[in-house]
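*Asks:* sequence plus predicted model, see below.
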Number of protein chains: 2
Amino acid sequence: MKATVPITVASLKVACSQCNLVELCLPFGMSENEIDRLDELVGARRKIKRQHHLYRAGDPFEAIYAIRAGSFKTDVLLEDGREQVTGFQMTGEMLGLDGISTELHSCNAIALEDSEVCVIAYGKLEELSRVVEGLQHQFHKVMSREIVRDHGVMTLLGSMRAEERLAAFLLNMSQRFTARGFSAAEFHLRMTREEIGSYLGLKLETVSRAFSKFQEEGLIAVQQKHIRILNIGGLKKLIQHPSPRA
Amino acid sequence: MKATVPITVASLKVACSQCNLVELCLPFGMSENEIDRLDELVGARRKIKRQHHLYRAGDPFEAIYAIRAGSFKTDVLLEDGREQVTGFQMTGEMLGLDGISTELHSCNAIALEDSEVCVIAYGKLEELSRVVEGLQHQFHKVMSREIVRDHGVMTLLGSMRAEERLAAFLLNMSQRFTARGFSAAEFHLRMTREEIGSYLGLKLETVSRAFSKFQEEGLIAVQQKHIRILNIGGLKKLIQHPSPRA
DNA sequence: CGTGGGGGTTGACGTGGATCAACGGACTTC
DNA sequence: GAAGTCCGTTGATCCACGTCAACCCCCACG
C-alpha cells in the first residue's frame, strides 16, 4: 500500500445546519444557534475510495471524522499478523476518537465502500466546545456512547456462543439501518464473512454456517451480502435464551 | 442487596494538589495553577466497603469517580443472568464514564476491597473544563484511553487463546502495579478466579489450569491470590507467538 | 477450637467451533 | 466476454475449552 489516501477537498462545503444527518451525528441535541456555529468547525470533506485507509494505526492524530456517506471498519493488527476488527461505522458515526489519548491513532480505519467524511480538526473542536455548551456535552456523549458500545461487544465476545453473536450482530445492523431510514428487515452488508468473523471472534466458516442455519430455520434469507430478516422475534429469542448455560 | 451503598462524607477534604495520585489521575499533565482550580471541583469523598456497589446499572448518572484507595470491578448483567466483567480499576483510575451517554449508568461498579473514591460532579466538571483548558483536554484523554483499552480487550477476547489471555492479563496487572510504585514482579490479586475468567471470556477452571501450567513452566509462582512473576519475558513471548495460527 | 462455606485445584469427559480441504459462484479486469 | 481472483459454502476431522464432579484448603465465625 502507498502514501495514505487520496485526499479530495470537497469543492462545495455543506454545512451541518443543512445536513440530513443532523439527527445522527455530532449536532444531535444541539440548538439551531449552536449548530450554526458548528459550520465554522467542520472543515473540508474528504472522499475515501473502497479499501483505502482514512487513517492508520500510528498516524499522528489531528482530526476526528464524521461519516457523511458510505461505511468503514476499524481494526487493530497484532505483531504476529492477527487482525481484530473493532467496529463497523455507518453514516453519522464518528471515527478517530481513539487518537486523542496518545495523539496517535491506535487503529486503522478502512472504507468498506466509496465513502465521504467530514474532517473536524480536533484543536478547533476543543476550542469551540469551550464556548458552545451543547457541543461540549454532545461530544462527551459521543465518546461515552462509544465506551458503552465497546462494553456491549466485550459482553458478546466474552459470554455468547457463535449463533448468539451473529444474531446480536444482525439485530444491531438492522437497528442502525432503521435509524437511517432504511428497511429494518432487508439490507446489504458491506463487509465480508471474514470481517464479520473477526469482529465477532469467529472464523469465517463459522459465520457462514450460522448464516445457513438461520436460513434453514426460516429466520433470515441470505443471498450473499444481501440479508432479509424474516423473523426478528426469533433472532431476539436466540440472544436471550442461551443454548446450554453460561 | 439493599439501598445502594453506605455514604460517608470525608471529614477533611484532601485537595488534588496535595494528592499523591496526581501523576495517575485526572490532573495528570495539568499545570500547578490548573490543578489548584480542580480543588473546587472534587467534592466529597466516599468510602465503599468490599463487595458493595459504588453505582448500579440503571442508576441516574450524576458524577464520575476517581479511585483514591482500593480497587473495583465493573460488570454488565445480561437478562439471562450471565455476567461479563468489563474491567478492573485501580487507584487513580476513573469510574462512571459510561453514564454520560444516556445519563444512566450502564454497568455496575463494585469494590473488590474496602475503597475510597473522589466524587466529581459531572455538571461541575463540564463547567470547569470550559474554563480550564488543561482539564478539558485531560478529560478527553481519559475517555479516549478508555476506548483504546476496550479495543485491547476486544482484541484479547476475539483473537487470543486461553493462556495468551491470562498472560496478557498478568502483564497488564504488573504494569499497572509498577506505575503505582509497587513491585512489577510480585502482587496480590483482589479478584477471584471466576471474575478473572469472566473478564477474559473463560471459565474459572480454565483460568485455574492456566495458572497451574504457568507455574509448572516456571513462569510464575502462584499462592492463592498472591502472584510472583518469575519470567516476564516468557509471558511476553506467549502473547507474541500464538500456539497454532489465527 | 471445631465447623461451615466459599474459593481453588484437578481429573474425566463432551462438544462447539477451529482447521483443513474441496468446490462453486460472483465480481473484477482487461 | 473470457479468465482469474476473491468470496462464500459445505463436509470431515480435531482439539481447546467447557462441563461435571470430587476434593482440598483457607478463613470467618460461633
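*Replies:* Arrived safely, thanks for sending.

*Asks:* can you pull the contacts of A:Glu113?
*Replies:* The contact partners of A:Glu113, by Cβ atoms under 8 Å, 6 or more residues apart in numbering or on different chains, come to A:50, A:70-71, A:190. All C-beta atoms are positioned from the backbone trio N, CA, C, and that covers glycine.

*Asks:* how close does the residue nearest to the spatial centre of chain A get to B:Asn172?
*Replies:* For chain A, A:Gln89 is the residue whose C-alpha lies nearest the centre (Cα atoms, centre = their mean; 1.5 Å). A:Gln89 sits at a distance of 27 Å from B:Asn172 (criterion: Cβ to Cβ, to the nearest Å).

*Asks:* again, but for A:Glu34
*Replies:* With distances taken as Cβ to Cβ, A:Glu34 is found 40 Å from B:Asn172.

*Asks:* more crowded one of those two?
*Replies:* A:Glu34 (19 against 15; other Cβ atoms under 10 Å in any protein chain shown).

*Asks:* from what I can see that one touches A:Gly134, true?
*Replies:* Yes: counting by Cβ atoms under 8 Å, A:Glu34 touches A:Gly134, with 4.4 Å between them.

*Asks:* which bits of chain A sit near DNA strand C?
*Replies:* Contact residues (Cβ under 7 Å from any atom of the strand) of chain A with DNA strand C: A:161-163, A:201-203, A:205-206, A:224, A:243-244.

*Asks:* now with 6 Å?
*Replies:* Residues of chain A lying close to DNA strand C (Cβ under 6 Å from any atom of the strand) are A:161-162, A:202-203, A:205-206, A:224.

*Asks:* ranking the residues you listed by neighbours, who comes first?
*Replies:* Each of the residues of chain A next to DNA strand C was scored by neighbour count (other Cβ under 10 Å); the top score is that of A:Leu202, with 24 neighbours.

*Asks:* show the contacting residues for the closest residue in space to that residue that isn't next to it in sequence.
*Replies:* Computed as Cβ to Cβ, 6 or more residues apart in numbering or on different chains, the closest residue to A:Leu202 that is not its neighbour in sequence is A:Ala162, at 5.5 Å. When contacts are counted by Cβ under 8 Å, 6+ apart, A:Ala162 touches A:200, A:202, A:206-207, A:210.

*Asks:* repeat the analysis, applying 7 Å as the threshold.
*Replies:* A:Ala162 makes contacts with A:202, A:206, A:210, as judged by Cβ atoms under 7 Å, 6 or more residues apart in numbering or on different chains.

*Asks:* can you tell me which of those residues are in strands?
*Replies:* Within these, no residue falls in strands by DSSP state E.

*Asks:* go through the residues of chain A next to DNA strand C and name the one nearest B:Asp75.
*Replies:* B:Asp75 lies nearest to A:Arg161 out of the residues of chain A next to DNA strand C, by Cβ to Cβ, at 19.5 Å.

*Asks:* how close does that closest one sit to DNA strand D?
*Replies:* Plainly put, A:Arg161 is 9 Å away from DNA strand D if you go by Cβ to the nearest atom of the strand, to the nearest Å.

*Asks:* looking only at pLDDT, what's the mean for the longest helix along chain A?
*Replies:* Determined from DSSP state H, the single longest helix within chain A is helix A:133-159. For helix A:133-159, mean pLDDT is 97.

*Asks:* now do stretch A:239-246
*Replies:* pLDDT averaged over stretch A:239-246 gives 58.

*Asks:* state the number of residues packed around A:Gln57.
*Replies:* That one is not Gln; residue A:57 is Ala. There are 17 residues near A:Ala57, going by other Cβ under 10 Å.

*Asks:* re earlier: now the contacts of A:Ala162 as TSV including pLDDT and distance to B:Gly96?
*Replies:* Putting those into TSV (pLDDT from 0 to 100; distance: Cβ to Cβ, whole Å) gives the following:
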residue	pLDDT	distance to B:Gly96
A:Leu202	98	32
A:Thr206	98	36
A:Ala210	98	36
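
*Asks:* closest to DNA strand D among those?
*Replies:* Here the nearest of the contacts of A:Ala162 to DNA strand D, counting by Cβ to the nearest atom of the strand, is A:Thr206; it sits at 8.0 Å.

*Asks:* give the contact list for the closest one.
*Replies:* By Cβ under 7 Å, 6+ apart, A:Thr206 lies in contact with A:162, A:197.

*Asks:* low-confidence ranges, chain A, go.
*Replies:* A:1-13, A:241-246 (pLDDT under 70).

*Asks:* one more time with 80, if that's ok
*Replies:* Across chain A, the ranges flagged by pLDDT under 80 are A:1-14, A:43, A:241-246.

*Asks:* which bits of it sit near DNA strand D?
*Replies:* Residues of chain A lying near DNA strand D (Cβ under 6 Å from any atom of the strand): A:192-194, A:204-205, A:208-209, A:211-212, A:222, A:224-225, A:244-246.

*Asks:* again, 10 Å this time
*Replies:* Near DNA strand D, the residues belonging to chain A are A:51, A:158-159, A:161, A:189-197, A:203-213, A:215-216, A:222-225, A:227, A:242-246 when assessed by Cβ under 10 Å from any atom of the strand.

*Asks:* quick check on those: which are buried?
*Replies:* Applying 16 or more other Cβ atoms under 10 Å in any protein chain shown to the residues of chain A next to DNA strand D, the neighbour count classes A:158-159, A:189-191, A:193-197, A:206-208, A:210-211, A:215, A:227, A:242, A:246 as buried.

*Asks:* phi and psi next, for the residue nearest to the centre of chain A.
*Replies:* Note on A:Gln89: its backbone torsions stand at phi -120, psi 140 [degrees, to the nearest 10].

*Asks:* and it, how far from A:Cys118?
*Replies:* Applying Cβ to Cβ to A:Gln89 and A:Cys118 gives a distance of 13 Å.

*Asks:* buried residues in stretch A:26-38?
*Replies:* In stretch A:26-38, counting by 16+ other Cβ under 10 Å, buried: A:26-27, A:30, A:34-35, A:37-38.
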